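Visitor: sequence? don't have it. structure:
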């Protein structure tokens, strides 16, 4: 492939992923990957990509895998584009689904989830600030890092605007489409940030309310497809849901769980289609406030809930029997540590300390030049005479030296001594600045932060090893848990069961049915949601998975630990993991502090040097 910007060659490497339009590859361009289309894109698509690449902003690149350059084949035809490499990230679904979260984010608590929702809203806000619209909002176009950052992907499908030209987004996902657009063709449809606001609110609801869809609930008159519920604004969790014949599924959280402000935003987004929906910045403010109000649970170190309320997560776990937050196996934690440490090592280091400034142009004895011209002398003597009350001529004050007038002794010598004193004081102040230069400009704070993080990593790995050493023979109950965990690894949304619609998946998920284990445990609930044929299909799928399961003796051996000791180790482990999650922020803050101190040191030097120059010239105040 050839880059359009400079005609340089780009080599494609390993395939990283494949979608409907094409595949993503590693390339020999640092920090980038390439998306290559299966079919040559249309002329309008090429112009859209070219516009995106030419007008990308640094702010967008922080939140989106935005095209940065086009790639052509040997015939000069555009076949794809370069974009920033997105590593160590997972689909948003893996975070908001309790079972997905236990596999991919085993150590996070609700604070992390709220922070991700906040970062997601920030990403939407940035796209809108640049004049673009996401359009096809869904859970697949946002990836989450282990540090809580969010990166938007599939940006080539966004609705992009530059000056007077708008390139449309011609695709959409019905379960994330606002009421006013339900049933419309996406081709040629002009989207707005108001439409994105519906999708953002829906993703936020998924994150906060355990993956539930806000329009998937029980309908008094029978089946209610989610698309129809959206079109008719039948918000199942809203204050007016009963009047609309809707109610939330069992085992779900009330809308007011996270406070009236959050509830009001969801009501405005879902239950009032005629009113303006909350914009992304409103979500940023509300979610930031929510995170600051979360408190630890007295009964579980993994639970954080709204202050001054009973723990909502304990209630959900007791009602459903599903663990929503908590730690996982040591092997998984070790993998998380490795990913976090990789991110920490990738954090930018401070620039080398600047060399101390020199004074070659300003060095000299602490003397002042008292030779002056005749005109200056007359003015100085006149001023002195007026001040001292003496005549203009003072014997001993003026001498001739080599044809120049030179100030000598007498009363003017007092003035000379005072000026010399000012020069010496200015020189001492400048020397103080130089003496402190190395310490002021050092990168010690960054190195100390890095050493602290490395100590945390070492201690964390020791804890992991200690937990492994405390394994004991697993009882039958734990063997059953291992089997359930195996079944939990088979998610319905990945099953690709023929004929299963997204709406049915969302409805099952809203009732807590996400995996093969759920299907086998909850046959009565399934019978109330789907017909007999589909119930049999789901049961057959889950039973086939169960029949292939064999107990792994080693996994069985590692599955149990001493509860008392493990609780203490888990608490320390969670603390150190949180520290590593904040590691890149800690290093970035240290680097920013070093930059500020260096700027202050440089400014102090400039001011002290200027003061010395003014003192030597006799113009210091």
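Guide: Arrived safely, thanks for sending. Because the structure is a prediction, the values reported are computed rather than measured.
Visitor: How is this structure partitioned into domains?
Guide: For the chain, the structural domains run 1-85, 88-324, going by automatic domain parsing.
Visitor: Now do residue 185, the pLDDT please.
Guide: Each residue has a pLDDT score; the one for residue 185 is 89.
Visitor: Check which helix or strand it maps to.
Guide: Under DSSP states H and E, no helix or strand contains residue 185.
Visitor: now for the domains of the chain, which one comes closest to residue 506?
Guide: Closest to residue 506 of the domains of the chain is domain 88-324 (CB to CB; 4.3 Å). Bear in mind the C-beta positions are built from the backbone N, C-alpha and C, glycine included.
Visitor: out of the domains of the chain, nearest to residue 492?
Guide: Between residue 492 and these, the tightest spacing by CB to CB is seen for domain 88-324, at 10.3 Å.
Visitor: Would you mind finding the most buried of the domains of the chain?
Guide: Most buried of the domains of the chain by mean neighbour count (mean count of other CB atoms under 10 Å) is domain 88-324; its value is a mean of 19.
Visitor: Enumerate every residue touching residue 225.
Guide: For residue 225, the contact set (CB atoms under 8 Å, 6 or more residues apart in numbering) comprises residue 503.
Visitor: measure it to residue 440 for me?
Guide: Residue 225 sits at a distance of 66 Å from residue 440 (criterion: CB to CB, to the nearest Å).
Visitor: Make sure residue 262 is actually in contact with residue 286.
Guide: Yes. Using CB atoms under 8 Å, residue 262 is in contact with residue 286, at 5.8 Å.
Visitor: Helix or strand: which one has residue 598?
Guide: Secondary structure assigned from DSSP H and E places residue 598 in helix 583-617.
Visitor: Okay, buried residues for stretch 431-445 please.
Guide: By 16 or more other CB atoms under 10 Å, the buried positions in stretch 431-445 come out as 433, 434, 437, 440, 441, 443, 445.
Visitor: ugh, typo on my part, it should be stretch 573-585
Guide: By neighbour count on 16+ other CB under 10 Å, the buried set for stretch 573-585 is 573, 574, 576, 577, 578, 579, 580, 581, 582, 583, 584.
Visitor: Find the nearest non-adjacent residue to the first one, please.
Guide: It stands for residue 573. Distance criterion CB to CB, 6 or more residues apart in numbering; nearest residue to residue 573, sequence neighbours excluded, is residue 463 at 5.0 Å.
Visitor: so which strand or helix has that neighbour?
Guide: Taking DSSP H and E as the criterion, residue 463 maps to helix 444-469.
Visitor: what about residue 487, distance to residue 515?
Guide: The gap separating residue 487 from residue 515 is 6 Å, by CB to CB.
Visitor: before we move on, what about residue 57?
Guide: According to CB to CB, residue 57 stands 41 Å off from residue 515.
Visitor: cool, residue 240 as well?
Guide: Using CB to CB, one obtains 33 Å as the distance from residue 240 to residue 515.
Visitor: ok so, going back, which one's more surrounded, residue 487 and residue 515?
Guide: residue 515 (26 against 20; other CB atoms under 10 Å).
Visitor: Thought residue 486 was touching that one, still the case?
Guide: No. Here residue 515 lies out of contact with residue 486, judged by CB under 8 Å, at a distance of 9.9 Å.
Visitor: Correct me if wrong: residue 270 contacts residue 200.
Guide: No. Contact criterion CB under 8 Å: residue 270 and residue 200 do not qualify, at 11.8 Å.
Visitor: all helices for the stretch 301-450 of the chain, in order.
Guide: In the stretch 301-450 of the chain, the helices defined using DSSP state H, counting those that start in this stretch lie at 312-320, 330-345, 374-388, 411-435, 437-441, 444-469.
Visitor: Confidence-wise, which of these is weakest overall?
Guide: The minimum mean pLDDT among the helices of the stretch 301-450 of the chain belongs to helix 374-388 (a mean of 48).
Visitor: before we move on, the earlier item: what would the domains of the chain look like in JSON lines with distance to residue 520?
Guide: Output for these, formatted as JSON lines (distance: least, CB to CB, whole Å):
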{"stretch": "domain 1-85", "distance to residue 520": "31"}
{"stretch": "domain 88-324", "distance to residue 520": "14"}
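Visitor: Residue 342 is nearest to which of these?
Guide: domain 88-324 (6.6 Å).
Visitor: and residue 448, how many neighbours?
Guide: Residue 448, neighbours per other CB under 10 Å, totals 11.
Visitor: All set now, cheers.
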